[in-house]
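[1] Quick one, structure for this:
(2 chains)
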Amino acid sequence: MSRRRLVEAWSAFWFRPEARTNLAIARVVIAATALWIVLSRYDLPSALLFPREIWDSVVPERKMRFFLFFSVAAERILWMALHVTLTACIAGIATRWAAIVSGLLLYHFSAFETLLWTGNPYLRGFTIPVLGLLIIGASASGGDFAKRADADRASGENRWPLALIQVLFVQVYFFAAWAKLYTSGLEWMHPENIRRYIIAIDQWTGAFPSPVNRFIIETPALAAAIAVGGVVFEASFPLVLISRRARMILLPAAVFFHIANGIVFHIWFQNAWILLIFVDWHGLMQRRRIAACRKSSISYAT
Amino acid sequence: MRALFKSLQWLEPVVELVRLGFFLTFVALLLTHLLAVVRAKSDSVRRRWANLIIAFVLVVTSIVGVTQIDTWPFSNWALVHMLRSPVMHAWQIEGIDASGHTYVIDPSILEPVSPEDFAPSAGRLRALSPSGRTSFMRFLYKRAEEGRRSVVEGKRFPANRWLLGRFSAPYHFGRRQLWRGPRDVPNNRFASIRMVFTVWNIDDRMRRGDAAIEREVIAEYRADE
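    Residues are numbered from 1 along each chain as shown, chains lettered A, B, ... in the order given. As a prediction, the model looks like this:
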């Protein structure tokens, strides 16, 4: 591929005209997801009150990395501030600054759940909101809706922030597949491995073995199909970035994937709501408006 | 490569600061773009900064993803990625009431920290000094008692469900709630609690149930201490 074609392809993907509406809705979805999780983590700063013997194992540089310098009282004020900024972000009040401050506070607080163990607080629901809200806050529109319907002029400046968040989101699936193959190779997809995971997680979480799980455990072909299907789905998810047909198949498949993961493996992906950012909301609204116009012009004619 | 990094323990503080550096660079690039927007710089200037942000994110996330060395928030997204051993290790806290009846304490007493994230801390109990162990267990006793009282008094339990109830965002791994109502806890305070490490073979446990679980009491705390 020539350099010129590469540049054209890059521009076509990252800077093609995009309505502000889609980025604004992404802002609402991401902030609402984050607020839902924040409201479900009671008094997160109280993690600092865990015994010194526990916190002593956390290296000072890790605390520095997440700006853990403040007292519990100050952290509680910041925690309440996060509730306010996320609410403002959802409501479209001082949207840009609400998004930036929310992103920074979420970065700070993400570590509280896991810092006693790891400096990688992923899969707690805050990773995409941290990155997404900061990107939206720094974008040209700040994630605001256009002031008037006819002012929603499509622009590449609305496209690249949304596309970047979508890329970050598809990486969740792609690198989950990569991690399995990188760490364990093809053996990860062996039915015995899936059987062990189902039994182990059932026993560890205290879940009563469900009829579904019992059937999978006793049917090696089904266990293998789940393993292969899961990895193929995760690895192919990036196709939603470039293909409308792939979106129509893979987005509903993702919904099924997460529900099935919850039922079989008791694994819940708090960010599943963020799949909504792949929907062309502006296109949907346009089509509705056109259909409504046609209907009223037909009834006027009759 | 991950194994190599893990073996170089002394490198950990440096790595943490490097990870912070990546995040600050990301934020700096975004703020520079924002400055270009606010100062109404030309399209070409804004696009240059946008391209830089995109390139930075793609390069960093690709390296993190491929090498599986995390640099949160640029994560490696590794989950359930290893070959599952048939041997499970776990921990549980048990409470004993005045009549000697044992209750398994609902690990939700530790919220907002999840049981999964608390596990390594529980693992450190063995290495603590006697006074450290006492302090640790006293903390767990206080938490267990707070949880028990909430359940007995019919208050919302666990703590994370304070506002949204069953519609609260779950932790990544969903666990069965052990304390669902007053029948699951004693009316009076726990006389003592103990931290128990458990290990079992999953197939053996399927056959023999809880009899397959090997237990080791790591630490105990009496309420009168």
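[2] and the gap between the residue nearest to residue A:270 when sequence neighbours are not counted and residue A:39?
    Nearest in space to residue A:270, with sequence neighbours left out and distances taken as C-beta to C-beta, 6 or more residues apart in numbering or on different chains, is residue A:125 at 3.5 Å. In this view, the C-beta of every residue, glycine as well, is placed from N, C-alpha and C. Separation of residue A:125 from residue A:39 (C-beta to C-beta, to the nearest Å) stands at 12 Å.
[3] Common neighbours of these two, please.
    Any residue near both residue A:125 and residue A:39 by C-beta atoms under 8 Å, 6 or more residues apart in numbering or on different chains counts here, and that gives residue B:169.
[4] Give me the below-cutoff pLDDT ranges for chain A.
    With pLDDT under 70 as the threshold, chain A has low-confidence stretches at A:149-152, A:299-302.
[5] Helices of that one, residue ranges please.
    A:3-14, A:20-38, A:52-55, A:60-65, A:72-91, A:95-114, A:127-138, A:156-184, A:191-205, A:211-218, A:220-236, A:244-260, A:281-301 (DSSP state H).
[6] mind checking which of those is nearest residue B:222?
    With respect to residue B:222, and counting by C-beta to C-beta, the nearest of those is helix A:52-55 at 18.8 Å.
[7] hey, where'd the strands end up in chain B?
    Using DSSP state E, the strands assigned to chain B run over residues B:87-96, B:102-104, B:192-201, B:214-222.
[8] With mean pLDDT and distance to residue B:153 as added columns, please give those strands in a markdown table.
    Shown next, in a markdown table, are the strands of chain B (pLDDT from 0 to 100; distance: least, C-beta to C-beta, whole Å):
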| stretch | mean pLDDT | distance to residue B:153 |
| --- | --- | --- |
| strand B:87-96 | 96 | 17 |
| strand B:102-104 | 96 | 17 |
| strand B:192-201 | 97 | 20 |
| strand B:214-222 | 96 | 23 |
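[9] residues contacting the closest residue to residue B:32 other than its chain neighbours?
    By the measure of C-beta to C-beta, 6+ apart, the closest residue to residue B:32 outside its immediate chain neighbours is residue B:49, 5.6 Å from it. Counting by C-beta under 8 Å, 6+ apart, residue B:49 makes contact with B:29, B:32, B:33, B:36.
[10] Sitting in helices, which of the residues you listed do you find?
    Residues of these located in helices (DSSP H): B:29, B:32, B:33, B:36.
[11] Which one of the residues you listed sits in the busiest neighbourhood?
    Neighbour counts for those peak at residue B:33, which has 27 neighbours (criterion: other C-beta atoms under 10 Å in any protein chain shown).
[12] and the spatially most central residue of chain A, what is it in contact with?
    In chain A, the C-alpha nearest the mean C-alpha coordinate belongs to residue A:271, at 4.2 Å (C-alpha atoms, centre = their mean). Shown here is residue A:271, whose contacts under the criterion C-beta under 8 Å, 6+ apart are A:33, A:125, A:127, A:128, A:129, A:169, A:172.
[13] and if we set it to 10 Å?
    A:29-30, A:33-34, A:37, A:123-129, A:132, A:169, A:172, A:258, B:169 (C-beta atoms under 10 Å, 6 or more residues apart in numbering or on different chains).
[14] ok, now residue B:192?
    In this structure, residue B:192 makes contact with B:94-98, B:100, B:102, B:137, B:141, B:220-225, judged by C-beta under 10 Å, 6+ apart.
[15] now do residue A:206
    Counting by C-beta under 10 Å, 6+ apart, residue A:206 touches A:266, B:90, B:92, B:104, B:106, B:107, B:175, B:176, B:177, B:178.
[16] Give me the pLDDT value at the fifth one.
    Reported pLDDT at residue B:106 in the predicted model: 97.
[17] Output the helices of chain A as JSON lines; include the columns distance to residue B:43 and mean neighbour count.
    Formatted as JSON lines, the entries for the helices of chain A read as follows, by distance: least, C-beta to C-beta, whole Å; neighbours: other C-beta atoms under 10 Å in any protein chain shown:
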{"stretch": "helix A:3-14", "distance to residue B:43": "12", "mean neighbour count": "12"}
{"stretch": "helix A:20-38", "distance to residue B:43": "16", "mean neighbour count": "24"}
{"stretch": "helix A:52-55", "distance to residue B:43": "49", "mean neighbour count": "18"}
{"stretch": "helix A:60-65", "distance to residue B:43": "36", "mean neighbour count": "17"}
{"stretch": "helix A:72-91", "distance to residue B:43": "27", "mean neighbour count": "17"}
{"stretch": "helix A:95-114", "distance to residue B:43": "19", "mean neighbour count": "24"}
{"stretch": "helix A:127-138", "distance to residue B:43": "16", "mean neighbour count": "27"}
{"stretch": "helix A:156-184", "distance to residue B:43": "8", "mean neighbour count": "21"}
{"stretch": "helix A:191-205", "distance to residue B:43": "51", "mean neighbour count": "21"}
{"stretch": "helix A:211-218", "distance to residue B:43": "54", "mean neighbour count": "14"}
{"stretch": "helix A:220-236", "distance to residue B:43": "35", "mean neighbour count": "17"}
{"stretch": "helix A:244-260", "distance to residue B:43": "28", "mean neighbour count": "15"}
{"stretch": "helix A:281-301", "distance to residue B:43": "22", "mean neighbour count": "11"}
